[in-house]
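# From the sequence below, what's the structure:
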Amino acid sequence: MNIKISKITLGSRKSLLAKEHIKIFEKKFYEVFGKSSSIKIEKKFYKTSGDAFLNKKISDIGNKGLFTKEIDDALIYGDINLGIHSLKDLPTILPKGLEIGAILKREDFREVIISNKGYKVYDLESKAVIGTSSIRRRMQLERLKKKLVIKDIRGNIDTRINKVLNKEYDAILLAYAGIKRLGIETKFNVIDPRIITPALGQGAIALVWKKTNLNVNSIIKKLNHTKTSLETECERNFLRALDGNCQTPVGGYAIIKNINGEKKIIFSFKAFSKDGVTLIKDRVCFNLNNFRTESFKLGVKVKQKIKI
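Numbers count the residues shown, from 1 in each chain. Predicted coordinates:
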């Protein structure tokens with residue numbers, strides 16, 4: 001292989017989870033290219049808008065690009081040549097000139113509930129104080145249990161867990177992927193995704209590059225996990241049709257399955273109107289040769305019904 005670059009400069013957020021994502025990237029990189037690779041990996045860390053205003057609601061500081069803009073800018077201006085993100089944080093339409101070049105193998109996309117009492121989500125008591133800043137989680141919890149007290153919570157995973165341990169909240173909901181990647185040992189219960197449906201793209205790590213940087217692109221695309229890439233493309237096509245972002249009240253997950261000898265994409269979703277009154281949920285099956293157009297069409301139909 002004719003390598004034309006000597007260094008990859010990787011841009012990331014500063015959180016512990018973001019740094020764990022870099023370790024996952026490095027492990028995959030060296031699996032593919034070998035530890036003797038002449039390509040060096042340099043890291044630069046950025047404080048995003050979402051990290052800077054932890055005392056404010058996400059809805060009050062904007063939604064699109066909240067955890068990605070500063071890294072995108074660094075890519076555009078050439079300070080880095082690769083950005084690494086939680087896929088669920090990425091807007092469905094990236095800034096001009098940027099694209100998702102590869103997606104690493106997905107971790108478990110389900111949600112977990114953490115509490116001092118070891119609650120399962122169905123066991124939550126009336127007036128239990130639940131911490132979440134996600135409108136998607138909030139609306140599903142309100143459908144599940146009518147008399148919960150749901151309060152905003154911000155901060156990294158450790159901060160949120162400590163707020164439960166200090167009894168500021170009775171329980172919180174988090175992504176299972178982050179818990180697993182950080183090796184957190186706090187007791188939790190995994191939630192069936194049919195009960196609390198996860199964010200679209202949850203559990204996947206995206207690598208974003210500049211379209212014109214062909215040298216980087218030719219290398220990084222070898223890290224792409226095909227199954228994860230196809231499944232999350234289905235999810236993001238649906239979200240793009242809704243003109244959605246990380247605070248749109250919609251969740252879903254796509255899984256490639258072998259049905260009667262043919263590979264299909266099974267896509268399950270829940271979508272709420274902004275006031276939470278209307279809920280549309282379904283489980284649909286797409287062929288691999290047309291899921292891109294069909295998942296987008298489905299999103300358009302759902303958008304018309306819930307009037308996003």
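
# quick one: low-confidence parts of the stretch 101-250 of the chain?
244-247 (pLDDT under 70).

# Break down it into its strands, ranges please.
111-115, 129-131, 149-151, 171-175, 189-191, 205-210, 250-259 (DSSP state E, counting those that start in this stretch).

# Figure out which of these is closest to L104.
With Cβ to Cβ, the closest approach to L104 among the strands of the stretch 101-250 of the chain belongs to strand 205-210: 4.3 Å. Backbone N, C-alpha and C define where each C-beta goes, glycine included.

# Render the CA-only coordinates of the closest one in PDB, please.
C-alpha atoms of strand 205-210 as PDB (Å, rounded to 0.1, in the frame of the first residue of the first chain):
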ATOM      1  CA  ILE A 205     -18.600   6.000  16.700                       C
ATOM      2  CA  ALA A 206     -18.300   8.100  13.500                       C
ATOM      3  CA  LEU A 207     -15.200   9.300  11.800                       C
ATOM      4  CA  VAL A 208     -15.600  12.600   9.900                       C
ATOM      5  CA  TRP A 209     -13.200  13.900   7.300                       C
ATOM      6  CA  LYS A 210     -12.900  16.600   4.700                       C
END
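
# Show me what it is packed against.
With contacts taken as 3 or more Cβ pairs under 8 Å, 6 or more residues apart in numbering; DSSP states H and E, strand 205-210 sits against helix 16-33, helix 69-76, strand 82-86, strand 98-103, helix 214-220.

# Which neighbours in the sheet does it have, and how are they oriented?
Strand pairing for strand 205-210, using DSSP bridges, gives strand 82-86 (antiparallel), strand 98-103 (antiparallel).

# Just say which of those strands is most tucked in.
strand 82-86 (a mean of 24; mean count of other Cβ atoms under 10 Å).

# Would you mind giving both backbone torsions of the spatially most central residue of the chain?
For the chain, K88 is the residue whose C-alpha lies nearest the centre (Cα atoms, centre = their mean; 2.3 Å). For K88, the backbone dihedrals are phi -70, psi -20 (criterion: degrees, to the nearest 10).

# same question, the one 4 residues further on
The phi/psi pair for T92 (degrees, to the nearest 10) reads phi -70, psi -20.

# Can you give me the pLDDT of it?
In this model, T92 is scored at 93, pLDDT.

# Tally up the residues packed near the closest residue to it other than its chain neighbours, please.
Leaving aside its sequence neighbours, T92 sits nearest to R240 (Cβ to Cβ, 6 or more residues apart in numbering; 3.8 Å). Applying other Cβ atoms under 10 Å, we find 17 residues neighbouring R240.

# E42 now?
11.

# Identify the residue spatially nearest to it, adjacent ones excluded.
T9 is the one closest to E42 (Cβ to Cβ, 6+ apart), at 4.6 Å.

# quick one: pLDDT of the one you found?
96.

# Which one of the strands paired with strand 205-210 lies nearest to L148?
Counting by Cβ to Cβ, L148 lies closest to strand 82-86 out of the strands paired with strand 205-210; the figure is 26.3 Å.

# Any chance you could list what contacts that closest one?
Contacts to strand 82-86, defined as Cβ atoms under 8 Å, 6 or more residues apart in numbering, come from residues 8-12, 17-18, 21-22, 25, 67-68, 71-72, 74-75, 98, 101, 201, 204-209, 216, 220.

# same thing but 6 Å
8, 10-12, 21, 25, 68, 71, 75, 206-209 (Cβ atoms under 6 Å, 6 or more residues apart in numbering).

# Please tabulate the strands paired with strand 205-210 in TSV, including the columns distance to S37.
As requested, these are exported to TSV (distance: least, Cβ to Cβ, whole Å):
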stretch	distance to S37
strand 82-86	15
strand 98-103	16
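
# out of those strands, which comes closest to N287?
Across the strands paired with strand 205-210, N287 has its closest neighbour in strand 98-103 (21.0 Å, Cβ to Cβ).

# Next, the angle helix 16-33 makes with the closest one.
The directions of strand 98-103 and helix 16-33 differ by 70 degrees, with axes from the mean of the first three to the mean of the last three Cα atoms, to 10 degrees as the criterion.

# Render the CA-only coordinates of strand 98-103 in PDB, please.
Extracted in PDB, the C-alpha atoms of strand 98-103 (Å, rounded to 0.1, in the frame of the first residue of the first chain):
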ATOM      1  CA  LEU A  98     -17.400  17.400   5.400                       C
ATOM      2  CA  GLU A  99     -18.700  13.800   5.400                       C
ATOM      3  CA  ILE A 100     -18.800  10.700   7.500                       C
ATOM      4  CA  GLY A 101     -16.000   8.600   6.200                       C
ATOM      5  CA  ALA A 102     -16.300   5.500   8.400                       C
ATOM      6  CA  ILE A 103     -18.200   4.100  11.300                       C
END
